[in-house]
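Colleague: Following is a predicted model, sequence given first.
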Amino acid sequence: MARNHQITTHKSTPIQRRQPRSPGLDWTCSCCGSLLGRIHGQDVHVRFERRHEYVASLPAAATCKKCGTLNRAKASTAA
């Protein structure tokens with residue numbers, strides 16, 4: 001989950017650039033494939049709507065905001 005930062009060019013026009021993703025495994029919805037979070041070892045990092053950010057221990061469960069499917073991440077998934 002990358003954050004954006006602004007870079008100013010020689011013409012003083014701000015450009016949005018994405019920082020590289022941190023190492024980890026994508027946790028995606030089993031139905032529609034949208035990104036639910038990133039798995040880092042035994043933790044899951046979830047961020048949405050730019051103000052809500054959580055870190056939870058595995059196993060974890062989340063409902064997809066696009067399709068409503070209940071998804072589960074197990075500790076064996078991170079290996």
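Modeller: Good, I have the coordinates.

Colleague: mind listing the strands for the chain?
Modeller: Applying DSSP state E to the chain gives strands spanning 4-8, 14-18, 25-28, 35-40, 43-48, 52-57, 60-63, 70-73.

Colleague: Just name the most buried of these.
Modeller: For the strands of the chain, the largest average neighbour count (mean count of other Cβ atoms under 10 Å) is found in strand 35-40, namely a mean of 19. To be clear about C-beta, it is placed using only N, CA and C from the backbone, and glycine gets the same treatment.

Colleague: helices and strands around that one, which ones?
Modeller: strand 25-28, strand 43-48, strand 60-63, strand 70-73 (3 or more Cβ pairs under 8 Å, 6 or more residues apart in numbering; DSSP states H and E).

Colleague: and these as CSV, adding distance to L36 and mean pLDDT?
Modeller: Formatted as CSV, the helices and strands packed on strand 35-40 follow (distance: least, Cβ to Cβ, whole Å; pLDDT from 0 to 100):
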stretch, distance to L36, mean pLDDT
strand 25-28, 5, 92
strand 43-48, 7, 90
strand 60-63, 5, 93
strand 70-73, 6, 95
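
Colleague: Turn these into CSV, columns for distance to G37.
Modeller: Shown next, in CSV, are the helices and strands packed on strand 35-40 (distance: least, Cβ to Cβ, whole Å):
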stretch, distance to G37
strand 25-28, 5
strand 43-48, 4
strand 60-63, 7
strand 70-73, 8
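
Colleague: State the number of residues packed around the residue lying closest to Q42 once chain neighbours are set aside.
Modeller: Of all residues not flanking Q42 in the chain, L58 sits nearest, at 5.3 Å (Cβ to Cβ, 6 or more residues apart in numbering). Number of residues near L58 (other Cβ atoms under 10 Å) recorded here: 18.

Colleague: unless I'm mixing things up, L58 is touching R72, no?
Modeller: No: using Cβ atoms under 8 Å, L58 is not in contact with R72; the gap is 9.7 Å.

Colleague: No further questions, thank you.
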